[in-house]
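Engineer: predicted structure and sequence below. I'll ask about it afterward.
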Amino acid sequence: MIHLVLWVPGPLASEALGVDSSSAHPGGKLRDEGAGALSEAELLAILISTGIKGRSAVQIAEDLLARFGSIVGMSNQPLERFLAVKGLSDVKIIRIAAAMEIARRIILHGDCRPCRE
């Protein structure tokens, strides 16, 4: 049985971590509001981490989603197809691929109670 709690937001969440309470960045929003409050682009932006000159990580994530249609559309794509998205380096693509593999393994495990809740 797998139980995964990414973060339970609360009024002292930011203080407990010793970080600024601003939710301007997707990571801050996840910390303050929980993972369910984030869009697909914001979740991907956390994996992408940093943008490039003139493009934020969220904008790069939006480009990625536009290219593949959705997170589901990104699955089982050759890694080379991700290189066509401006702002994605090998390291960023590997992070996304690792997250996709973790999700695949959770689903294959069969007891994904958080997925049903």
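Structural biologist: Alright, I've got the coordinates.
Engineer: poorly predicted segments of the chain, please.
Structural biologist: Within the chain, the stretches with pLDDT under 70 are 1-23, 111-117.
Engineer: residue nearest the centroid of the chain?
Structural biologist: Most central in the chain under Cα atoms, centre = their mean is L43, positioned 2.8 Å from the mean C-alpha point.
Engineer: buried residues in the helix or strand where that one lies?
Structural biologist: Using DSSP states H and E, L43 sits in helix 40-48. Buried residues in helix 40-48, counting neighbours by 16 or more other Cβ atoms under 10 Å, are found at A41, E42, L43, L44, A45, I46, L47, I48. Any C-beta I mention is one placed from the backbone N, CA and C, and that applies to glycine too.
Engineer: could you dump the residues you listed to a markdown table with distance to K86?
Structural biologist: Shown next, in a markdown table, are those (distance: Cβ to Cβ, whole Å):
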| residue | distance to K86 |
| --- | --- |
| A41 | 15 |
| E42 | 19 |
| L43 | 20 |
| L44 | 15 |
| A45 | 15 |
| I46 | 19 |
| L47 | 17 |
| I48 | 12 |
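Engineer: any idea which of those residues is closest to P26?
Structural biologist: E42 (3.8 Å; Cβ to Cβ).
Engineer: so how far is D32 from the closest one?
Structural biologist: Applying Cβ to Cβ, to the nearest Å, the value for E42 to D32 is 12 Å.
Engineer: and if you look at H25?
Structural biologist: 10 Å.
Engineer: again, but for G69
Structural biologist: From G69 to D32 the distance is 29 Å (Cβ to Cβ).
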